[in-house]
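Undergrad: I would like to see how this sequence folds:
(2 chains)
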There are 2 protein chains.
Amino acid sequence: MKLVKIKRALLSVSDKSGIVELARTLRNHGCEIISTGGTRQILENVGIQTTEISTVTGNPEAFGGRMKTISFNIESALLYDRETDKAEAEKLNIEAIDLVVCNLYPFEKVLKQGADFNTLIENIDIGGPTMIRAAAKNFKWVTVMTSPKDYIELQTELENNEGAVSYEFRKKLMAKAFNHTADYDALIATNMDKQNGIDSLRLSFESGYALRYGENSHQSAAFYRERKQAHSLYDLNVLHGKPLSFNNILDINGAIEAIRDSKRVACSVVKHSNPCGFAEAEDQRKALELAWAGDPISAFGSIIAFNRPLTLDTVSFFQLDHEKRSKRKFIEVVIAPSVEKDALDYLQFHKNLRIIEFNINELEETKDYRYLNGALLAQDQDNVPFEQMLIVTERSPELSQTQGLIEFGLRAIRNIKSNSIAIVRQKNDAYQLLGMGAGQPNRLVATKLAIEKCRENLQPEFTGNPEDFDTFAKEALGETFLISDAFFPFADNVELAAAEGIRQIVQPGGSIRDKSVIKTCNNLDVAMVFTGTRHFKH
Amino acid sequence: MKLVKIKRALLSVSDKSGIVELARTLRNHGCEIISTGGTRQILENVGIQTTEISTVTGNPEAFGGRMKTISFNIESALLYDRETDKAEAEKLNIEAIDLVVCNLYPFEKVLKQGADFNTLIENIDIGGPTMIRAAAKNFKWVTVMTSPKDYIELQTELENNEGAVSYEFRKKLMAKAFNHTADYDALIATNMDKQNGIDSLRLSFESGYALRYGENSHQSAAFYRERKQAHSLYDLNVLHGKPLSFNNILDINGAIEAIRDSKRVACSVVKHSNPCGFAEAEDQRKALELAWAGDPISAFGSIIAFNRPLTLDTVSFFQLDHEKRSKRKFIEVVIAPSVEKDALDYLQFHKNLRIIEFNINELEETKDYRYLNGALLAQDQDNVPFEQMLIVTERSPELSQTQGLIEFGLRAIRNIKSNSIAIVRQKNDAYQLLGMGAGQPNRLVATKLAIEKCRENLQPEFTGNPEDFDTFAKEALGETFLISDAFFPFADNVELAAAEGIRQIVQPGGSIRDKSVIKTCNNLDVAMVFTGTRHFKH
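TA: You can find the predicted model right below:
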């Protein structure tokens, strides 16, 4: 399609970065530059000749700058069709403007500075959006630039095409221009609603791409980045393996959420978005081994996340080069802030494994949104681990020794679907999720599931006679902490746990039957800590 | 704050509804009406005197209508400050315009009609948004109307204030105006991205209100309606009880999703967003009884949804008027398309019960979105129940007799968090979810949970000697269908189910070990149906 030579350009920008270089390039190609206010001053200061806008509009700048560009002349120069309207334009003395460079940041800037209502209103640009939108509409002839990021590409186009711009580039810039004005009015609209006591919300997503399918193969799906997020889950860097699936991405989010607040070396193992394995240790390999041992059956085909550069020592645990296929530990996805070269080489033994670099620490805190059939629930993320550590029983865990483990347990429970129970233990220097129960309508079932899983996981550690396993398991469970995401409505959970050897329970408290629950703890010599903080997650 | 008299108005609308009546009211108050094109014609046709816009702009209409309103005169008339700029306006011969009535629908209209690219571009309005935005910015003096829905209120204002408009109304209309232009450019931007092969997405939500808190009390939260949704989950009509909580709304969505596709009388009982009870029957009371019996412990404090007007006969099941408090069945929320008067009176015995009217049948189909840390997964809803009913075993269920029950089971499984197993049975004319296992990393655990729940639920039906219960339970389970949300990776699930008496299994199929699974079924005389359709839900 047609190249259009830039003979006359209008420059009026809020973000002045790169504008001088762009103006120089334009002048080098013999382009006339029309400009306004601050932009003009900068260009004139460096000796770039410009035309004052009022000589084009034919009108004075008026009303404290509210009227500067809007005029029959400017918008006609942008809007007329260079073929069909040619004669009419000549008759009306309209000379084409081929390029508009304009961007709209003052509203956002003063908003961030906490400006008052009048200042906000004064910073709503009327002329700018009009020029941008007029130029964009007539992109068949006109180039419109709304971001300094595109200047280099424009300069290259001008160099390559003797001062002209291609149709494809103009079309791309046109879409960007309407996105720019859409963003601008979205911000204004939301804020003006707020000024009226109205709560509205506009979310914008870009760079969408189709996934193979959604949760199931009959559901089509796509993945987007939220506009203006410096670092989002979208930035998963796939180093190796098949493209990510919808369910991979869901599980990856679960896996990185689990280790998000770990200060120590951590590893999470996720299946169906629940962490079934989770550990923190001094050593990455140890963390993986302990997390894997949390549910060594479900760990096959799981998503595993780390919060430190991934080493060969760690990943050799998967035995991907083992001669017996049955000895190799196949997983779906592995995620780490970075993957050391030899570890990456090793992991590639598994052809289909998705290997992903992603740094959770750079993730910005966002809201948590749930879209439900044309409605939206918005909430803060759950980032208060506990309010207190209140021992409510006669038996008392030594918090100075155990608070680290309890906090680890709270990090675990926060990410397991409700109703949930997590049982955690300390093993040498490491913390391990020994067993968990997730997603149960009835809390008692979650407790049962967690204890059963612990007993299963203790089996390989037991070397005595089978008839002594029960005693062994109860002793081992006596060292653990059982963490509940919400309060116990009845004492039955305590009775069940105590019968299996549990001696230390952490829960938010707050039931009308707390007294009876505490009494049961005292009768059964169980210690209980109230945190005051519930961790429902659905 | 100040009333502003409307002496001069500019009317230029795409949606012409109500415009004649509005113009008449304005004229009755002595207001001059400036108008353009089609709007002007309509007004003149009914004898309303108008001023042609070009007499105000001082410019001709030019370039095939691309230039009509944009001019120094019009935008100055909208933008100048009636106090500080008064002298300057007089000097420049600018006469104030006090009201702009303008809306922007042609782009949306032609888009829906499937217009080609050029037609879309031609239908991008430049002058309209400029006027609307200029008037909105100067709302201190100017009234701007972008929706015919607001005409009546304007007419009332004019009547009450002798042709003037209040500051509060102008401020409200200003915010609406920026929402109108934001919506307009959002639609254009998304579509122009598409024209460039770029997938972007803009979601807009309105009418937000704060909830008491989010999933937990330390998380603040709000609830929004998606803009332009005719019927959304937001439209829950609370007839009685405390305001809905964040978790109530999540669970309500789960409860109505469960019964959404039921053609017969249906009832779902939800706890932590999983349906732990679900039934379809000829009779609503029966449906409730059977759904409740699916998990009579978890049903306390649950969310219960119906798809028919709720009757007294049904709700008297809750025994809310029972003299013994322990006999009353307390639940959190009850939802039905409508609640009969006597049923409503009865339910109000329970002071805190949220009673909600909501008609699922009016719910529009939307996408399913998952917001994850600054990224978004979008997918179609899961609305394909099954692709086929393929009997893959020697034993064969009589599909002519049982397909209804299987389809009921698929409606159940579709809404239970993965990995999930549902066991369903027919009881006289009714279908019942007898037991389910939800949210398990390991499918085998889900199967165990579902069978255990069935056995629990069969207990009250058993009247024989305790030692005969096993035989009874196995016989009863032999009549059920076990439904799996995804394929069995190994035959172990079949072995476990068969050992408990299950004789009929439904699953999508598709595992590399399907053959071994089928062989195990044949060895154990179990019938298996492949549906070809997975129903993961996370």
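Undergrad: and stretch A:310-325, is it in reach of chain B?
TA: No. Stretch A:310-325 lies out of reach of chain B by CB under 8 Å from any CB of the partner chain, never closer than 13.1 Å. Yep, even glycine has a C-beta here, placed from its N, CA and C like the rest.
Undergrad: could you give me the buried positions within that stretch?
TA: The neighbour-count check on stretch A:310-325 (16 or more other CB atoms under 10 Å in any protein chain shown) flags A:310-312, A:314-315, A:318, A:320 as buried.
Undergrad: same check on stretch A:498-516?
TA: If you call a residue buried by 16+ other CB under 10 Å, then stretch A:498-516 has these buried ones: A:498, A:500-509, A:511, A:514.
Undergrad: tell me which of those fall in helices.
TA: A:498, A:514 (DSSP state H).
Undergrad: reformat the buried residues of stretch A:498-516 into TSV and put distance to residue B:51 and pLDDT next to each item.
TA: Output for the buried residues of stretch A:498-516, formatted as TSV (distance: CB to CB, whole Å; pLDDT from 0 to 100):
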residue	distance to residue B:51	pLDDT
A:498	87	98
A:500	87	98
A:501	90	98
A:502	85	98
A:503	88	98
A:504	83	98
A:505	80	98
A:506	76	98
A:507	74	98
A:508	69	98
A:509	73	98
A:511	73	97
A:514	76	98
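Undergrad: residue A:448 against residue A:437, yeah?
TA: Yes. The pair residue A:448 / residue A:437 is scored as a contact, 6.8 Å apart, by CB atoms under 8 Å.
Undergrad: which of the two has more neighbours?
TA: A count of neighbours by other CB atoms under 10 Å in any protein chain shown puts residue A:437 above the other of residue A:448 and residue A:437, at 27 against 20.
Undergrad: I figured that one hits residue A:420, correct?
TA: Yes. Between residue A:437 and residue A:420 there is a contact at 6.4 Å, judged by CB under 8 Å.
Undergrad: which neighbours do those two share?
TA: Residues touching both residue A:437 and residue A:420 by CB atoms under 8 Å, 6 or more residues apart in numbering or on different chains: residue A:446.
Undergrad: what's the closest non-adjacent residue to the residue in the stretch 51-200 of chain A that chain B sits nearest to?
TA: Nearest residue of the stretch 51-200 of chain A to chain B: residue A:199, at 3.2 Å (CB to the nearest CB). Once flanking residues are discounted, residue A:199 sits nearest to residue B:208: 3.2 Å by CB to CB, 6 or more residues apart in numbering or on different chains.
Undergrad: so that neighbour belongs to a strand, correct?
TA: Yes. Inclusion of residue B:208 in a strand is indicated when DSSP: H, G, I helix; E, B strand; the rest coil is applied.
Undergrad: can you pull the pLDDT of it?
TA: pLDDT recorded at residue B:208 is 98.
Undergrad: can you get me a residue count around the spatially closest residue to residue A:53 that is not a sequence neighbour?
TA: The spatially closest residue to residue A:53, leaving aside those adjacent along the chain, is residue A:36, at 4.8 Å (CB to CB, 6+ apart). Neighbour count for residue A:36, taken as other CB under 10 Å: 22.
Undergrad: report the buried residues of the top helix by length along chain A.
TA: Longest helix in chain A, counting residues (DSSP H): helix A:167-195. Neighbour counts over helix A:167-195 (16+ other CB under 10 Å) mark A:169-193 as buried.
Undergrad: cool, and stretch A:288-302?
TA: By 16+ other CB under 10 Å, the buried positions in stretch A:288-302 come out as A:288-295, A:298-300, A:302.
Undergrad: would you confirm that residue A:258 contacts residue A:415?
TA: Yes. If you go by CB under 8 Å, residue A:258 and residue A:415 touch, sitting 4.6 Å apart.
Undergrad: for residue A:398, give me the pLDDT.
TA: On the pLDDT scale, residue A:398 gets 89.
Undergrad: for it, give me its contacts.
TA: Residues near residue A:398 by CB under 8 Å, 6+ apart: none.
Undergrad: distance of it relative to residue A:427?
TA: Per CB to CB, to the nearest Å, residue A:398 is found 18 Å from residue A:427.
Undergrad: go on, residue A:147?
TA: 53 Å.
Undergrad: re earlier: any residues in contact with both of residue A:258 and residue A:415?
TA: Common neighbours of residue A:258 and residue A:415 (CB under 8 Å, 6+ apart) are A:268, A:275.
Undergrad: still on that earlier bit, okay, the angle between the longest helix of chain A and helix B:167-195?
TA: 150 degrees (axes from the mean of the first three to the mean of the last three CA atoms, to 10 degrees).
Undergrad: which other helices and strands does helix A:167-195 contact?
TA: If you count contacts as 3 or more CB pairs under 8 Å, 6 or more residues apart in numbering or on different chains; DSSP states H and E, helix A:167-195 packs onto helix A:106-112, helix A:117-122, helix A:127-137, strand A:143-145, helix A:151-160, strand A:199-211, helix B:167-195, strand B:199-211.
Undergrad: could you give me the average pLDDT of the first one?
TA: What helix A:106-112 shows for mean pLDDT is 95.
Undergrad: quick one: average pLDDT of stretch A:456-468?
TA: The pLDDT scores in stretch A:456-468 average 96.
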